[in-house]
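Undergrad: starting from these lines, generate the structure:
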Amino acid sequence: MLTSPQQVRDGAEEGGARRAVARYALVKLGGALLSIGLVIVATFFLFRLIPGDPAIAYTRDVPVTPEQLALLRRQLGLDRPLGAQFLDFVGRTLRLDLGTSYEYRRPVAELIGDRVGPTLLLVGTGLAVAVGLGMWQGTRAAWHHGGRFDRLSTGTALTLWSVPTFWLGLLLLMVLAAGIGPIPGLFPTRGMEDVDAPGGPLYLLHVAHHLVLPCLTLVAVVYAQYLLVMRSSLLEEIGQDYVTTARAKGLRDDDVRRRHAVPNALLPTVTLVFMQIGFVVGGAVSVEFVYSWPGLGLLFVEAIRGPDYAVMQGTFMLVCVAVIVMNTLADVVYHVLDPRVRSA
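TA: A predicted model of the protein is given here:
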């Protein structure tokens with residue numbers, strides 16, 4: 001079958017677009033690897049600035065002699081020159097060996113593995129609720145721009161966004177968990193489960209009951225970003241010619257919004273979702289600390305009290321790498337989804 005010149009040109013253009021996307025992805029991947037390398041370097045030196053001696057923290061409440069402390073520092077490798085410690089740290093990190101916790105006396109990778117599940121549960125649930133709530137309110141606020149719902153939802157979101165996460169968590173803890181006067185608390189005050197937690201399907205309800213307040217705190221602080229981005233994007237799309245044309249054809253207002261305006265306005269919001277995943281993990285530190293949620297955030301705070309260098313380094317690098325990977329993925333996804341970016 002003969003191929004027309006137009007088909008040849010279309011195939012060449014499609015192949016060129018694919019190569020351009022591949023080159024863009026490789027450039028972003030190179031930048032991400034460079035950023036991860038800088039994170040590894042910064043991680044080592046950053047936590048050495050924290051005052052405190054891990055050897056003393058390791059022997060807390062145990063009487064030891066100066067000779068025993070010196071022996072412990074030698075066993076932990078803290079008596080070696082800083083440069084030698086750094087090279088050893090980089091080598092172990094490249095082998096995915098995060099070291100051993102001074103305080104827990106367990107490999108850091110195991111500690112992170114135990115704590116990453118609760119963090120993913122909290123962050124995943126909170127992010128899903130925040131994205132859904134923010135996009136729904138942002139869509140309604142933009143479509144009825146200037147109305148009562150727009151003013152109320154935007155004002156509430158901005159107010160909650162400006163509230164410190166730690167303070168909001170304590171407030172909800174006092175009102176909804178500790179109770180007011182004779183009114184008992186509605187939710188647990190700490191942890192992910194009680195000692196006498198039930199088994200089977202009831203266990204899921206038990207964990208969900210503990211999850212309500214931490215998730216509510218996280219959602220209240222972050223959902224405003226999705227509301228504002230969706231609202232701004234949809235306001236730009238409402239003034240486009242294709243929306244006016246769709247309305248002139250006699251399409252219902254709901255169809256114009258759902259089938260034409262919202263899909264185009266979703267692009268910046270989709271990018272923001274990817275970009276914010278890593279940041280939300282970092283932001284969960286305050287929430288986990290307030291509610292004693294047994295995740296990575298609480299583990300990081302406990303390591304700072306030590307100081308436990310290995311745990312601090314491992315958790316900090318994990319959060320930083322998550323941010324870098326998600327930012328890179330957001331750039332690539334946006335480049336693929338939006339033809340205006342590819343043609344720029």
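
Undergrad: alpha carbons only for contacts and neighbour counts from here, please
TA: Noted.

Undergrad: export stretch 90-98 to CSV, keeping only CA atoms.
TA: Once side chains and other backbone atoms are set aside, the C-alpha atoms of stretch 90-98 remain, and they are given as CSV (Å, rounded to 0.1, in the frame of the first residue of the first chain):
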residue,chain,number,x,y,z
VAL,A,90,28.3,8.1,50.7
GLY,A,91,29.5,4.6,50.0
ARG,A,92,26.9,3.0,52.2
THR,A,93,24.1,5.2,50.8
LEU,A,94,25.0,4.2,47.2
ARG,A,95,24.7,0.6,48.4
LEU,A,96,21.3,1.5,49.9
ASP,A,97,22.7,0.8,53.4
LEU,A,98,21.3,3.5,55.7
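
Undergrad: centre of the chain versus it, how much separation?
TA: In terms of CA atoms, centre = their mean, to the nearest Å, the gap separating the centre of stretch 90-98 from the centre of its chain is 24 Å.

Undergrad: buried residues, it. List them.
TA: Along stretch 90-98, these residues count as buried under the neighbour rule (16 or more other CA atoms under 10 Å): V90, T93, L98.

Undergrad: what mean pLDDT does that stretch get?
TA: Mean pLDDT, computed over stretch 90-98, is 83.

Undergrad: which other residues reach it?
TA: Residues external to stretch 90-98 that are found in contact with it (CA atoms under 8 Å, 6 or more residues apart in numbering): I40, V41, G99, P107, V108, A109, A310, Q313, G314.

Undergrad: same thing with stretch 147-164?
TA: Contact with stretch 147-164 is made by Q137, R140, A141, A142, H144, A220, V221, V222, Y223, A224, L227, L228, as judged by CA under 8 Å, 6+ apart.

Undergrad: mind listing which of the residues you listed are in helices?
TA: Where the contacts of stretch 147-164 overlap with helices, as defined by DSSP state H, the overlap consists of Q137, R140, A141, A142, A220, V221, V222, Y223, A224, L227, L228.

Undergrad: still on that earlier bit, select only the buried ones of the contacts of stretch 90-98 in ChimeraX?
TA: To isolate in ChimeraX the members of the contacts of stretch 90-98 that are buried, counting by 16+ other CA under 10 Å, one can use:
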select :40,99,107,108,109,310,313,314
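
Undergrad: which of the contacts of stretch 90-98 sit farthest apart?
TA: Pairwise distances among those were taken by CA to CA; the largest, 20.9 Å, belongs to V41 and P107.

Undergrad: where does pLDDT dip in the stretch 101-250 of the chain?
TA: Applying pLDDT under 70 to the stretch 101-250 of the chain flags residues 178-185.

Undergrad: which parts of it are helices?
TA: Residue ranges of the helices in the stretch 101-250 of the chain, as given by DSSP state H, counting those that start in this stretch, are 108-143, 148-162, 165-172, 201-238, 241-248.

Undergrad: make JSON lines out of these and add distance to S292.
TA: What follows is those, written out as JSON lines (distance: least, CA to CA, whole Å):
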{"stretch": "helix 108-143", "distance to S292": "11"}
{"stretch": "helix 148-162", "distance to S292": "22"}
{"stretch": "helix 165-172", "distance to S292": "11"}
{"stretch": "helix 201-238", "distance to S292": "10"}
{"stretch": "helix 241-248", "distance to S292": "49"}
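
Undergrad: wait, which of the ones in helices among the contacts of stretch 147-164 is closest to F289?
TA: When the ones in helices among the contacts of stretch 147-164 are compared for distance to F289 (CA to CA), V221 wins out at 15.7 Å.

Undergrad: just give me the neighbour total for that closest one.
TA: 21 (other CA atoms under 10 Å).

Undergrad: ok, it - contacts?
TA: Contacts for V221 (CA under 8 Å, 6+ apart) come out as L160, W161, S162, V163, T165.

Undergrad: buried ones among those?
TA: Taking 16+ other CA under 10 Å as the criterion, what is buried in the contacts of V221 is L160, W161, T165.

Undergrad: between the residues you listed, which sits nearest H260?
TA: Nearest to H260 out of these is W161 (CA to CA; 29.8 Å).

Undergrad: ok, the closest one to W293 distance?
TA: From W161 over to W293 the distance is 22 Å, taken as CA to CA, to the nearest Å.

Undergrad: and what of G30?
TA: Using CA to CA, we find G30 at a distance of 36 Å from W293.

Undergrad: neighbour count: the two, which is higher?
TA: Applying other CA under 10 Å to G30 and W293 shows that W293 carries more neighbours, namely 26 against 13.

Undergrad: who touches the closest residue to W136 other than its chain neighbours in this structure?
TA: With CA to CA, 6 or more residues apart in numbering as the measure, L227 is the residue that lies nearest to W136, at 7.6 Å, once sequence neighbours are left out. With CA under 8 Å, 6+ apart as the criterion, the residues that contact L227 are L133, G134, M135, W136, Q137, G138, T139, T154, A157.
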